[in-house]
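Chemist: structure of the sequence below:
(one chain, ligands or ions: 1)
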Amino acid sequence: MPTETRTRRAPRATRRAGRIRIGLLGLGTVGQGLCRLLAERGARIEADHGLRFEVTSVLVRDAGRERAFAPPRGRVTADPAEFLRGGYDCVVEAIGGTEPAHSLVSRLLRAGVPVVTANKALLAEHGPALRAIAAGSGTCLRAEAAVAAGIPLLSLLEHSLKAATVRRVTAILNGTSNFVLTRIAREGERLGEAVAIARRLGFAEADPTLDLSGVDAAQKLSILVERLWGTALPLEAIDVLGVGEVTSRECELAAALGYALKPVAFAELEQGEARAFVAPAAVPVSHRLAGVEEELNYVQLDTDTLGPLTLVGKGAGGLPTASSILDDLLAVARGGGPDDVPSSPRAPLRPAPCRTPWLLLLTLAADAADTVLELLRGAGVRLREVRQATQALVATTAPETRERIESLGALLGPLRAVAGARFFRILKGE
Ligand SMILES: NC(=O)c1ccc[n+]([C@@H]2O[C@H](COP(=O)([O-])OP(=O)(O)OC[C@H]3O[C@@H](n4cnc5c(N)ncnc54)[C@H](OP(=O)(O)O)[C@@H]3O)[C@@H](O)[C@H]2O)c1
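Modeler: You can find the predicted model right below:
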């Protein structure tokens, strides 16, 4: 590949007057968002920073398709070999998925080309290996857009909080899930209706499975944990539950006890043990996260120096994502390195089960509450608050693991008086 090898300290981009040649992998929501941003703000960036970013080549699946935004001068090809023949100062990867993104990005990094990616699936699976390739060829891989799209979270960790230890992160990392749960809770919509609206407004992909199953948020959480604590937390070590089965009735019952059901991503490091989960969780309405609605993302870092630090912003969409990509492009053009500098000393992470209080929502036949409560107490469940509603029992428990709480399902399942049993983790703190 003729693309030249560059060193991390002085990429070619900084040595040439102004023009930065960008290869763009993908011209969907994000790729087009970048083209639009460059068309609308390119002159300002050139005036402010003396850099002219120019997309010189784009790789897509269907080169003949009409696009709302495309690079004014760049070639659009469906042939990876033709794309790789281009000479680039930086390549932006916005194809998504693991292949062919992984092969292309590895090849580019091996050749010393800096890569900026928005792809959490790629990083969650191959991040450490790709970073090692980048380091070996003196170039960098940057990924601001991959964690919370428009929220400048990785650059915050890269440049700030150097004296702080972040002990815990509490977040909403999936805009689709937040939008859908907001609609179900507020408008009483069913999942299918809420997803259709999200799609219409551009907040959900054609296939939202990864979003609604919690996997997308878990991929982002795993990248964030690596940045925070210097060691990757494999996806298998994150306890993942999706929002796909939450109903408006459950939202109502939770609200009666002062909770909002929100798509929470949580990770905590204590004495080398990492606890992490992604789940629709019961959040006290007094918690800041409870008020974060629609497609917004939320990240709260609990630090030992300045207490909680909170960021809220758009976690999806072409322009917000492109805005983070552009920040990474500027960092690359100025000779910046990778964005993976940990903010606290590296420590080996030992995954541990998450023990949290739980909210139990039980749908009951009339007059069955006392029997069910007796059964739960007899099984050793430490109940805290108990409230009866029409044909329902709502209760909170002392901290328990998911395994222990789910075993209650087996206990209650055979009872004819119990028509349904649902369990939600309760988020502590504020
Ligand atoms: N959308 C967001 O709000 C958002 C936010 C943050 C991060 N991201 C991440 O950004 C990445 C891109 O997302 P997106 O929403 O822009 O996806 P998208 O709209 O589906 O666009 C994907 C693009 O990649 C091209 N492509 C896919 N497979 C290809 C292949 N095998 N060979 C060549 N080109 C291929 C497609 O070409 P055709 O157009 O010809 O089909 C399309 O242009 C993903 O990793 C996503 O997770 C997205």
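Chemist: pLDDT at the spatially most distant residue from the centre of the chain, what is it?
Modeler: For the chain, the residue at maximal distance from the C-alpha centroid (CA atoms, centre = their mean) is Asp367, at 43.6 Å. Per-residue confidence (pLDDT) for Asp367: 83.
Chemist: and it, how far from Asp327?
Modeler: 61 Å (CB to CB, to the nearest Å). Placement of C-beta: from N, CA and C, glycine included.
Chemist: show me where the stretch 301-430 of the chain has helices.
Modeler: Along the stretch 301-430 of the chain, the segments classed as helices by DSSP state H, counting those that start in this stretch run 318-333, 369-378, 402-412.
Chemist: can you pull the buried residues of the shortest one?
Modeler: Okay, so that is helix 369-378. Ala369, Val372, Leu373, Leu375, Leu376 (16 or more other CB atoms under 10 Å).
Chemist: distance between it and the chain's centre?
Modeler: 39 Å (CA atoms, centre = their mean, to the nearest Å).
Chemist: other SSEs contacting it?
Modeler: Packing contacts for helix 369-378, counted by 3 or more CB pairs under 8 Å, 6 or more residues apart in numbering; DSSP states H and E, involve strand 358-364, strand 383-389, strand 392-397, helix 402-412.
Chemist: now swap in the last one and tell me
Modeler: In this structure, helix 402-412 makes packing contacts with strand 358-364, helix 369-378, strand 418-425, judged by 3+ CB pairs under 8 Å, 6+ apart.
Chemist: isn't Pro80 right up against Leu59?
Modeler: Yes. Under the criterion of CB atoms under 8 Å, Pro80 makes contact with Leu59 at 6.1 Å.
Chemist: which one of these two is surrounded by more residues?
Modeler: Leu59 (26 against 14; other CB atoms under 10 Å).
Chemist: and the closest residue to the ligand within the chain, its phi and psi?
Modeler: Nearest residue of the chain to the ligand: Gly28, at 1.8 Å (CB to the nearest ligand atom). When read as degrees, to the nearest 10, the backbone of Gly28 gives phi -100, psi -140.
Chemist: so it touches Glu93, yeah?
Modeler: No. Look at Gly28 against Glu93 with CB under 8 Å: they stay out of range, at 12.0 Å.
Chemist: any regions of the chain where pLDDT drops low?
Modeler: 1-17, 340-347, 430 (pLDDT under 70).
Chemist: residues near the spatially closest residue to the residue of the chain closest to the ligand that is not a sequence neighbour, how many?
Modeler: The spatially closest residue to Gly28, leaving aside those adjacent along the chain, is Ala94, at 6.9 Å (CB to CB, 6 or more residues apart in numbering). The number of residues packed near Ala94 is 26, by other CB under 10 Å.
Chemist: now swap in the one 10 residues further on and tell me
Modeler: Leu104 sits with 21 neighbouring residues when counted by other CB under 10 Å.
Chemist: still on that earlier bit, who has more neighbours, Gly28 and Glu93?
Modeler: Ranked by neighbour count (other CB under 10 Å), Gly28 and Glu93 place Glu93 first, with 28 against 15.
Chemist: quickly list what that one is bridged to.
Modeler: Leu25, Thr117 (DSSP bridges).
Chemist: use 599 as the first number for this chain going forward.
Modeler: All right, first residue 599 from here; so that's Glu691.
Chemist: tell me which parts of the protein are close to the ligand?
Modeler: Residues of the chain lying near the ligand by CB under 6 Å from any ligand atom: 624-629, 657-660, 663, 692-694, 698, 716-718, 743, 747, 914-915, 919.
Chemist: in strands, which of those residues fall?
Modeler: Judged by DSSP state E, those include Leu657 as members of strands.
Chemist: which of the residues of the chain next to the ligand are buried?
Modeler: Counted by 16+ other CB under 10 Å, the residues of the chain next to the ligand give 624-625, 627-629, 657-658, 692-694, 716-718, 743, 747, 914-915, 919 as buried.
Chemist: chain center to the lengthiest helix in the chain: distance?
Modeler: As assigned by DSSP state H, the longest helix anywhere in the chain is helix 627-647. Its chain's C-alpha centre and that of helix 627-647 lie 24 Å apart, by CA atoms, centre = their mean.
Chemist: just checking, what packs against it?
Modeler: Using 3+ CB pairs under 8 Å, 6+ apart: helix 627-647 touches strand 617-623, strand 650-657, helix 916-931.
Chemist: what are the buried residues along the shortest one?
Modeler: Buried residues in strand 617-623, counting neighbours by 16+ other CB under 10 Å, are found at Ile618, Arg619, Ile620, Gly621, Leu622, Leu623.
Chemist: quick one: which of these is nearest to Ser846?
Modeler: Leu623 (40.5 Å; CB to CB).
Chemist: show the contacting residues for that closest one.
Modeler: Gly629, Val656, Leu657, Phe681, Val689, Val690, Glu691, Ala692, Ile693, Ala699, Leu702 (CB atoms under 8 Å, 6 or more residues apart in numbering).
Chemist: try it again at 6 Å.
Modeler: Leu657, Glu691, Ile693 (CB atoms under 6 Å, 6 or more residues apart in numbering).
Chemist: how close does it sit to Ala719?
Modeler: 14 Å.
Chemist: can I assume Glu787 is in contact with Val778?
Modeler: No. Using CB atoms under 6 Å as the test, Glu787 is too far from Val778 to be in contact (8.5 Å).
Chemist: more neighbours: those two, which one.
Modeler: Just comparing Glu787 and Val778: by other CB under 10 Å the higher neighbour count belongs to Val778, 30 against 17.
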